[in-house]
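S.K.: show me the folded form of this:
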Amino acid sequence: MSRDKIFHRGLRVALVCTALLPVATMAETAPLASIMKDRQRPAKPGMMPNKAMLQRIPVEQGYPQATPHTGDAHDPDEAYTSIWTRADARQIKAMSNPNVTTGANSLPAALTMPAIPSNFPATNGYVWVWDTWPLTDYNGNQYTYNGWDVIFALTARRDAGYTFDDRHVHARIGFFYRPHKTPRGGRPANGGWTYGGNVFPDGQSAEVYSKQNTPFTQQAEWSGSTRIEGKGKNGIKIFYTDLAFNRTDSGDNITAPVATITLAIGSIHADYTHVWFGTFNPHTPLLVPDGKYYQTGQQNEYYSFRDPAPFTDPAHPGETYMVFEGNSAGVRGETPCNASDLGYAANDPYGETVDQVNGSGAIFQRANIGLAVATNADLTAWKFLPPLISANCVNDQTERPQMHIQHGKYYLMTISHRTTFAAGIDGPDGEYAFYGKGIRSDWVPLNNNSGLMLGNPTDLNVAAGTDFSPNPEQNPNAFQSYSHYFMPNGKVTSFIDTVGTRRGGDEAPTVQISLSGPNSSLNYAFGSYGLGGYGEIVPNKLNIDKQDFIADVAYGEEHPYHYAGEPVIKGLSVKSDTSTDAALKNDIAARADAYLNGDLTN
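M.R.: Now for the predicted structure:
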């Protein structure tokens with residue numbers, strides 16, 4: 001996601017070029033904080049705060065020691081939250097080369113995504129595509145379904161009269177599919193994905209708010225995850241963020257937007273020609289922020305609460321957990337930073353004081369990664385647990401978190417923007433990650449304790465600008481991709497935002513990352529100098545559901561699917577037994593055997 005009031009993913013509430021800000025004394029803190037609050041208010045929907053574009057960022061004279069972290073595990077229910085400190089995050093800039101040619105990449109090559117060419121192919125001509133996720137189980141394995149690769153993505157129509165940056169209040173969860181058997185060399189340049197339309201019927205997700213009598217002028221579906229209920233089955237659960245916006249015609253909030261983590265239970269279907277879904281009903285609201293651990297709209301109308309990703313942990317059998325993006329509870333602009341948020345060693349010559357940080361405006365950045373646990377077997381009831389990580393006074397957005405468990409090692413991954421870092425902190429748009437020994441750990445930020453795992457090519461000596469108006473002195477690929485999703489075998493997918501002056505809304509090339517304890521590196525031998533195919537999202541597991549496939553093929557033969565271009569016809573409803581003709585059933589079953597027993601290997 002990206003820019004707009006409150007939830008919009010690019011909410012720019014950070015002043016990146018903070019080296020030029022005055023250092024506040026204790027007496028100056030309150031008035032300066034008030035000024036900073038005004039300067040950081042979003043200007044219009046889809047826009048960053050209005051502020052002067054600084055060009056060169058002064059080189060720092062030195063960098064602090066990172067905060068020590070052990071990675072040791074704690075009980076998931078324990079009231080313990082690890083901290084991504086300012087001392088940690090300043091290691092990103094410490095790794096940056098201050099002497100590169102203006103507009104080059106100042107970040108280490110091993111942590112930088114290669115430049116995406118400006119002639120990238122469009123994924124689909126009818127809709128923009130951004131946050132993307134595959135069909136998975138609760139362990140992160142990705143599945144085909146009866147011979148089809150399937151992905152889900154936030155989508156919005158390209159021809160509806162709004163801009164790419166205003167797409168968020170119009171976002172719908174769409175889906176795409178392609179034959180699993182197609183070899184990589186036989187796919188079109190854009191990955192060969194066919195757009196299947198919206199997953200949910202029009203108005204269905206809005207019923208969550210209609211039933212609650214919540215006023216809204218616009219309603220949207222934001223990202224989450226889709227879980228298959230088991231091999232040989234067609235049941236799926238979609239966990240997503242349901243949004244209600246109540247705004248004036250000029251885009252100002254009448255009341256704070258409402259975000260609800262929601263569950264829709266349905267089914268997936270496929271025949272020889274296409275993929276579709278059964279009815280998702282009802283949509284069950286699971287969580288809204290509590291104001292104790294997670295900031296509410298009353299505490300901050302620009303709060304973050306979204307991106308549910310449920311998972312299981314071998315160390316806690318029988319439990320299902322969920323990570324999500326949140327903001328730490330507290331009134332915006334009135335909750336100061338403390339020494340723990342800073343994390344400096346005593347007498348560190350390059351540390352900051354609490355008064356300096358609070359006076360800089362960093363109090364407006366209060367990101368965290370939240371945790372919840374299911375309280376029933378069908379995952380329709382959940383309770384909050386304390387956040388896994390806080391980034392108070394470091395960043396305002398820790399989006400689309402994922403828990404990746406690999407050989408007893410735990411990696412907590414998230415994405416963030418350069419322009420959501422707090423005053424005095426700098427880092428590229430990209431993916432950030434932490435290493436630990438359990439799902440609640442004293443998380444060690446990856447790579448020199450910085451947290452950076454994969455950044456866009458960026459010159460941290462030059463201001464960012466914005467993705468819709470890049471700084472002409474900045475690297476032209478600084479906003480090239482966003483919303484990274486970590487997949488099996490270390491592959492990472494994302495979407496294209498801006499390359500040079502060309503806007504995206506398309507699937508980006510896949511890259512591959514190697515993990516080794518608290519370190520990672522990009523595999524430049526993968527694909528073409530590190531860049532794989534566009535939308536190269538390949539399942540590592542097969543789900544063959546023969547009984548439902550036979551019924552789906554029979555239904556498809558009785559109700560032919562006519563694909564006449566964009567937009568795609570609405571999804572079909574499915575009968576479990578559509579024919580009483582035994583000969584027809586036997587014929588379909590024989591053809592299904594041949595199809596499903598074919599070469600479905602990766």
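S.K.: for Thr70, list the residues it contacts.
M.R.: Asp442, Val444 (Cβ atoms under 8 Å, 6 or more residues apart in numbering). Bear in mind the C-beta positions are built from the backbone N, C-alpha and C, glycine included.
S.K.: let's go with 6 Å and repeat that
M.R.: By Cβ atoms under 6 Å, 6 or more residues apart in numbering, the contact set of Thr70 is Asp442.
S.K.: over to it: give its phi and psi.
M.R.: Thr70 adopts backbone torsions of phi -100, psi -20, taken as degrees, to the nearest 10.
S.K.: so how far is Gln61 from it?
M.R.: From Thr70 over to Gln61 the distance is 30 Å, taken as Cβ to Cβ, to the nearest Å.
S.K.: how about Gln299?
M.R.: Distance from Gln299 to Gln61, counting by Cβ to Cβ: 37 Å.
S.K.: between the two, which is the more surrounded one?
M.R.: Shown here are Gln299 and Gln61; by other Cβ atoms under 10 Å, Gln299 has more neighbours (20 against 7).
S.K.: number of residues surrounding the closest residue to that one other than its chain neighbours?
M.R.: Among residues not flanking Gln299 along the chain, Val331 sits closest, at 5.1 Å (Cβ to Cβ, 6 or more residues apart in numbering). Summarising burial for Val331: neighbours were counted as other Cβ under 10 Å, giving 12.
S.K.: surely Val331 touches Glu301?
M.R.: No: the pair Val331 / Glu301 is not scored as a contact, 11.1 Å apart, by Cβ atoms under 6 Å.
S.K.: buried stuff in stretch 394-414?
M.R.: Within stretch 394-414, the residues scored as buried using 16 or more other Cβ atoms under 10 Å are 394-405, 410-414.
S.K.: beyond the helix or strand in which Thr493 is found, next helix or strand please.
M.R.: Using DSSP states H and E, the element containing Thr493 is strand 491-499. Next along the chain after strand 491-499, taking DSSP H and E as the criterion, comes strand 502-507.
S.K.: surely Asp249 is within a strand?
M.R.: No: under DSSP: H, G, I helix; E, B strand; the rest coil, Asp249 sits outside any strand and is assigned coil.
S.K.: can you tell me the centre-most residue of the chain?
M.R.: Closest residue to the average C-alpha location of the chain: Arg400 at 3.0 Å, with Cα atoms, centre = their mean.
S.K.: quick one: secondary structure of the residue nearest to Gln299?
M.R.: coil.
S.K.: still on that earlier bit, average pLDDT across the strand holding Thr493?
M.R.: For strand 491-499, the mean per-residue pLDDT is 98.
S.K.: contacts only, for Asp545.
M.R.: Contacts for Asp545 (Cβ under 6 Å, 6+ apart) come out as Asn146, Gly232, Asn234.
S.K.: and the residues you listed, which is closest to Arg503?
M.R.: Asn146 (35.7 Å; Cβ to Cβ).
S.K.: tell me the contacts of that closest one?
M.R.: Asn146 touches Ala270, Asp545, Phe549, counting by Cβ under 6 Å, 6+ apart.
S.K.: for it, give its distance to Tyr240.
M.R.: 24 Å.
S.K.: is it fair to say Leu243 lies in a helix?
M.R.: No: counting by three-state DSSP, one finds Leu243 to be strand, located in no helix.
S.K.: nearest residue to it other than its sequence neighbours?
M.R.: Of all residues not flanking Leu243 in the chain, Ala220 sits nearest, at 4.4 Å (Cβ to Cβ, 6+ apart).
S.K.: what segments of the stretch 351-500 of the chain are helices?
M.R.: Under the criterion DSSP state H, counting those that start in this stretch, the stretch 351-500 of the chain contains helices at 354-360, 446-449.
S.K.: nearest to Gly174, out of those helices?
M.R.: helix 446-449 (32.1 Å).
S.K.: who touches the closest one?
M.R.: By Cβ under 6 Å, 6+ apart, the surrounding residues in contact with helix 446-449 are Ala66, Asp88, Gln91, Ala433, Met453, Pro518, Asn519, Ser520.
S.K.: count of residues packed around the fourth one?
M.R.: By that I understand Ala433. 27.
S.K.: so where's the chain uncertain?
M.R.: Within the chain, the set of residues satisfying pLDDT under 70 comprises 1-56, 561-589, 591-592, 594-602.
S.K.: ok, 50 please
M.R.: Low-confidence segments of the chain (pLDDT under 50): 1-53, 563-580, 599-602.
S.K.: and the longest strand belonging to it, what's buried?
M.R.: Assignment by DSSP state E gives strand 253-270 as the longest strand of the chain. Neighbour-count burial for strand 253-270 flags 256-270 (criterion: 16+ other Cβ under 10 Å).
S.K.: with stretch 504-522 instead?
M.R.: Of the residues in stretch 504-522, 504-513, 515, 518, 520-522 count as buried by neighbour count, 16+ other Cβ under 10 Å.
S.K.: kindly report the same for stretch 223-237.
M.R.: Ser223, Gly224, Ser225, Thr226, Arg227, Ile228, Glu229, Asn234, Ile236, Lys237.
S.K.: identify the residues contacting it?
M.R.: Stretch 223-237 is contacted by residues 131, 133, 135, 137-138, 143, 152, 154, 238-240, 265-268, 307-309, 543, 545, 548 when judged by Cβ under 6 Å, 6+ apart.
S.K.: what of stretch 377-391?
M.R.: Contacts to stretch 377-391, defined as Cβ under 6 Å, 6+ apart, come from residues 79, 81-84, 284, 286-287, 290, 293, 328, 367-375, 398, 440, 443.
S.K.: check which residues of it are buried.
M.R.: By neighbour count with 16+ other Cβ under 10 Å, stretch 377-391 contains the buried residues Leu379, Trp382, Phe384, Leu385, Pro386, Pro387, Leu388, Ile389, Ser390, Ala391.
S.K.: and which of those is nearest Gly361?
M.R.: Of all those, Gly361 sits closest to Ala391, with 15.3 Å by Cβ to Cβ.
S.K.: for the closest one, give the beta-bridge partners.
M.R.: The partner list for Ala391 in beta bridges (DSSP bridges) reads Ala367.
S.K.: show me where the stretch 501-602 of the chain has its helices.
M.R.: With DSSP H, counting those that start in this stretch as the criterion, the stretch 501-602 of the chain has helices at 546-558, 582-596.
S.K.: just to revisit the earlier point, which of the buried residues of stretch 504-522 lies closest to Val208?
M.R.: Among these, Gly505 lies closest to Val208 (Cβ to Cβ), at 26.6 Å.
S.K.: I'd say Lys531 and Met113 touch.
M.R.: Small correction: residue 531 is Leu, not Lys. No: look at Leu531 against Met113 with Cβ under 6 Å: they stay out of range, at 8.1 Å.
S.K.: higher neighbour count, these two?
M.R.: Each of Leu531 and Met113 has its neighbours counted (other Cβ under 10 Å); Met113 has more, 28 against 20.
S.K.: got the contact list for the more buried one?
M.R.: Shown in contact with Met113 (Cβ under 6 Å, 6+ apart): Leu454, Asn456, Val511.
S.K.: how close does it sit to Val129?
M.R.: Distance of Met113 to Val129, given as Cβ to Cβ: 18 Å.
S.K.: cool, Ala362 as well?
M.R.: Taking Cβ to Cβ, one finds Ala362 at 34 Å from Val129.
S.K.: pull the number of nearby residues for the residue nearest to Leu243.
M.R.: 26.
S.K.: go on, Asn97?
M.R.: Asn97: 13 surrounding residues under other Cβ under 10 Å.
S.K.: cool, and Ala551?
M.R.: For Ala551, the neighbour count with other Cβ under 10 Å is 23.
S.K.: now swap in Tyr80 and tell me
M.R.: By other Cβ under 10 Å, neighbour count at Tyr80 equals 14.
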